[in-house]
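# Kindly return the folded structure for what I paste below:
(2 chains)
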Amino acid sequence: MNSRASDALGTPIRGPMFQPVEAKPDLIAQEHDVLRMWAERRTFARLRAQNAEGERWSFLDGPITANNPMGVHHAWGRTYKDVFQRFRAMLGHAQRWQNGFDCQGLWVEVNVERDLGFTNKHDIEEFGIAEFVSLCKQRVLTFAARQTEQSIRLGMWMDWNDPDELRRLRDLLASDPGQTVTVQGPDGALTDTVEMIVGRLGMPEIGGSYFTFSNENNDLIWGFLAECHRRGWLYKGHDSMPWCPRCGTGLSQMEMNEGYADREDPGLTLRFPLLDRPGEALLLWTTTPWTLAANVAAAVGPKLRYVRIRQGGDEFWVGRGTLRQAVVGPFEVLEERPGSDLVGWRYSGPFDELPAVRDAFAKGTRDEPGQPYEHRVVAWDEVGEEEGTGIVHIAPGCGAEDYQLGKALGLPVVGPIDEEGLYYDGFGWLSRLEAPNVAERIVDDLERRGLFYHLEPYTHRYPHCWRCGTPLLFRLVDEWFIDMGPVYDQPRETLSPEQFDASLRYQIMEVVGRIRWIPGFGYERELDWLLNMRDWMISKKRYWGLALPIYECRACGTVEVIGGRAELQERAVEGWDVFEGHTPHRPYVDAVKIACSGCGALVERIKDVGNPWLDAGIVPFSTLHYREDQEYWKRWFPADFITESFPGQFRNWFYSMLAMSTVLRREEPFKTIFGYALLYGEDGRPMHKSWGNAIEFDEAAERMGVDVMRWMFANARPEENILFGWHAADAARRELLVLWNVYAFFVTYARVTGWSPGDDPTAADRSPLDRWILSRAAGVAAEAEDHMRDYDALGAGRAISRFIDDLSTWYLRRSRRRFSRGEAGASRSAAFATLHEALIATARITAPILPFLAESLYQNLVVGGDGQGDDGGDGDGAAPDSVHLTRWPTAELAAQRDEALEAAMATARRAVELARTLRGQAGIKIRQPVARMWLALPGGELPEREALLELIAEEVNVASVEVIGDESDLVERRVKPLLPVIGRKLGPAVPAVMTAAREGAFEIHPDGSVTLGGVTLAPDEIEILATPRPGTAVAHDEGLVVVIDTALTPKLRTEGDVRELERAIQDLRKEAGLAVRDQIEVWISGLSSDVAAHRDRIAADTLAARIALGAPPEGLRQSTVELQSGRVAVSLRRLASDG
RNA sequence: GGGGGAGUAGCUCAGUGGGUUAGAGCAGCGGUCUUAUACACCGCUUGUCGGUGGUUCGAGUCCACCCUCCCCUACCA
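Okay, the predicted model is just below:
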């Protein structure tokens, strides 16, 4: 897979153990190579087989809607899903690996309608429901195939269907759903009609992703609904519901919340003349003039105050508190009364003459059935004075609250509009007009009739259809609901068992409490939703979806709910032959009729389809074969883990799963839920094509690479929105390139020197630096494991980042000479073996998050180019041929852990930093050696002291490092009181103690205690630290003190010049494009004799066959180098023959 | 109206069993280092840690109130 790499290094000395790698990798091409390799080697299938007997870890996939290509926002969640599944696989867990597709519902219908150019439901009926439903299935299969391909590209390992096979089924379904087809399942071939094969997707005999349109899924929902009915929780409601006139369907409370948007409506104030008080009229305000035709009453707040005012020749009644906003122009207040006085007054309605209104009113009220009703003023406690006139237009057929009020008072109801939002017949000139568009004509009409008062545009939040954006209307409809049970006005813990049993919502809450919510606020949010939600509207007057198995007898009103396909067959008295052989969808299922158990009449299914969240909510049962394989279900239920985006899913998937599992089992369907926020564009706004901040998944995958994407996602804070874009991707890529560079360095030099693993030095033979990085590797494996077990990818990512940084900027920086120079064989072997092991550990630890990069490294470091498993460094010669087949390495690496060494190294690194700061201040370059450095250590000790001091000396380029105690003249002792220890004990005395410590006013006693600020502190309450004595050129940090000798002797200056010259020659080699192993010859003119004395060393370090002092041959370019001993001119050229 | 989240450097974000001096990356400037790394290191610069009070010896961190943004929820005609 590294076949494109160029080899600028010449022929290796020994045979190539490692494939050459590029300095700048093409990560994307590499990802495609890895995908091919996984497919060829059947790596995933082998992983599943390897873990088949492992302890279960049950992940339940929230279905992705198969209605469009997936977007980068899906990739975020799918990264989490894959990361945790891969991680658990490395722990050896058995998993189900089943992806899910959400298939049924209006969102698919809307797209199919759009493709067909349909504008309303009539078009569908004319087109034919059977064909329409088939097109919906085909669309789902199209995008299931597409999303499968995209998910595979993301590196997501699931039991995928072959996308081509999905498309083949789609095409066969299109040509003839009844034709017979054979497909290959895990246990052999399977033959059935295409329609039924499609209906069985995801079942054990076919395998692959689950589809919520499957027969099993639908069937189990029937069972759930029958259970609800059995308990008396399913009912038909007659209500004023939000309605989308384009889709021709009502919206549930869940859906309502999706589409609130600002909208400008006419704010119309009009007058309702009072019948018994000539010359007086009520003033009313409405933003929905189309509902005036359905006006039945005018509501006042019985406790509010109302005034009669005079304007010109008119007298109006209006709420006192609304005078300022409602009345236009000067007026005179004539009298004031409480609202209760107004109740019962009759008024002349705005459209009394319409036949529909007359008919409705003729029937009278509930309390006076015979007596024709007349418009009147009613009392309503909810009337407010913030807006309008304090008198509210009540149209029970056009508003949920209006309906409730009308129902309470027994008022007649006028339902003015049909499914498409057109006025029914009987509404005079309004009939057949579109309700949302009649405002202007109604205003004109009212003006003509002298009922108009004032018009002013009004902007407010108004609900829109979340699918098509059409403003919603309220319409009188029959819909089916699941009763959520009462909300008790008392704390949950005080409920009686009877109360608890009577209320589904509290039963769900109890289940919610048994689940771990990450982040924790999810728990509160779900409870909040449950407490507030109203009954669940599950019906939809549409075509593509779950066929609600509700049979309502027109003759006697008996409602029956069929609990499954078998039961339906049993009960069928007509039409089963039409249905047989079809999936439980419209129109075929509609043909089946049963005999009413109450009166024996022939009953047909209600035409409605189900709320799509029923489809997704049942999957903890349907996909785990709740009905046909209890053993299997018990093994995998409840799921250990689910993860989805938080916003929205509280009231959708989470809710529906919880509700259904509570009804069926009163058990939690999952143990842990991990939620994440939303993905936005880099500019902090939602991604939107027209805003130019949208990025398609495919484009992201092929331009930034999926490992880069995954790295970004894994390192995001899940509870906050992620800002996704090309700049963030660049930053993530840079981080990964650091790892790549370490790897490329290793491979380059392993090839140059011919190093290969095998005769590795024991730990004892390795330097402290080697042991340090291996300890770090062991530490990061353990740390990342802890985070990953806790579903904290971010924590793991941060630990990995720190490790990569340590590996690159400290281990390799400090070790590089051991790889490239004429180092002693043992040290070189130790360095190679250490780096090799560290890189393999890194590959394994990063494998869940970066499956491609980790695999690339692993293949070259462990497996070798031939694909045959080779020694993995564990000496058994049988390493797995994929990093994803290895186990998580915590236990393997644990013996390498040495925390004392890690702490010591941290001190050494800090000392180096301080020394570098000092050199910078003194203006002495790193290349210029200095003679001495003094070091005071906190606590006075340092494990591996000699080696670490040497390391510091080398890094700082100093001849000798001397450790000094706190008694040294170079430092003075300071006392650092340990605040967390003494704070509580001393309280108000703290400031005095701290001041004394700062000023050095303390006395140290022989027993180690210290007196300062009038208090004596025990040795374990203070630390004694060294700090610089004022006036010396030193740097310090937390008791670590560094002093360097800035005096430069002639010998040191010469040494500095030598290194300067060497660096210049190396620069020239690089400029000349020479390979690392090319031999050169060099000419130097103007070199001082002191520096020239080191000619041999310079030649050795720069691979120069010889160095001539003097002018170069004709034509060779000279470069000037400034040395402390004077300016010299340098030339070089490559030796003609490369021995 | 009720509930939740967020507010820390120009940008993206770390930082809670309270500990005195608030950090990183990116960007900018000045250096250094380097035949793995257009890479890394060192230094400089910008902070009323949203505001105001409170608790405390001590508050970015805990409490109260307020401001701004986002989300959820609610019957506002």
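
# three-state assignment of residue A:181?
strand (DSSP: H, G, I helix; E, B strand; the rest coil).

# show me what contacts the residue of chain A found nearest RNA strand B?
RNA strand B sits closest to residue A:983 of chain A, with a gap of 1.9 Å, by C-beta to the nearest atom of the strand. The way it works is simple: take the backbone N, C-alpha and C, and place the C-beta from them, glycine included. Counting by C-beta atoms under 8 Å, 6 or more residues apart in numbering, residue A:983 touches residue A:990.

# Confirm it sits in a helix?
Yes - judged by three-state DSSP, residue A:983 forms part of a helix.

# can you map out the strands along the stretch 251-400 of chain A?
With strands called from DSSP state E, counting those that start in this stretch, the stretch 251-400 of chain A shows them at A:260-273, A:280-286, A:297-300, A:305-311, A:314-319, A:332-338, A:376-379, A:391-394.

# got those as CSV, with mean pLDDT, mean neighbour count and distance to RNA strand B columns?
Shown next, in CSV, are the strands of the stretch 251-400 of chain A (pLDDT from 0 to 100; neighbours: other C-beta atoms under 10 Å; distance: least, C-beta to the nearest atom of the strand, whole Å):
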stretch, mean pLDDT, mean neighbour count, distance to RNA strand B
strand A:260-273, 83, 17, 7
strand A:280-286, 92, 24, 4
strand A:297-300, 92, 26, 7
strand A:305-311, 93, 18, 13
strand A:314-319, 93, 23, 8
strand A:332-338, 93, 12, 16
strand A:376-379, 92, 20, 12
strand A:391-394, 92, 27, 4
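
# hang on, the earlier thing: I'd like the distance between the residue of chain A closest to RNA strand B and residue A:1021.
10 Å (C-beta to C-beta, to the nearest Å).

# returning to that earlier point: which one of the strands of the stretch 251-400 of chain A lies nearest to residue A:880?
Nearest to residue A:880, of all those, is strand A:260-273, at 53.3 Å by C-beta to C-beta.

# name the helices or strands packed onto the closest one?
Contact here means 3 or more C-beta pairs under 8 Å, 6 or more residues apart in numbering; DSSP states H and E; on that basis strand A:260-273 packs against strand A:280-286, helix A:439-448, strand A:452-463.

# most tightly surrounded among the ones you listed?
The highest mean neighbour count among the helices and strands packed on strand A:260-273, using mean count of other C-beta atoms under 10 Å, belongs to strand A:280-286: a mean of 24.

# Can you check what angle separates that one from strand A:260-273?
170 degrees (axes from the mean of the first three to the mean of the last three C-alpha atoms, to 10 degrees).

# Surely residue A:103 and residue A:212 touch.
Yes - contact criterion C-beta atoms under 8 Å: residue A:103 and residue A:212 qualify, at 4.8 Å.

# what touches both of those two?
Shared contacts of residue A:103 and residue A:212, counting by C-beta under 8 Å, 6+ apart, come down to A:63, A:615.

# show me where the stretch 51-200 of chain A has helices.
Assigned by DSSP state H, counting those that start in this stretch, the stretch 51-200 of chain A shows helices spanning A:72-90, A:106-116, A:121-127, A:129-154, A:163-175, A:194-199.

# buried residues in the fifth one?
Which is helix A:163-175. Neighbour counts over helix A:163-175 (16 or more other C-beta atoms under 10 Å) mark A:163, A:166-170, A:172-173 as buried.
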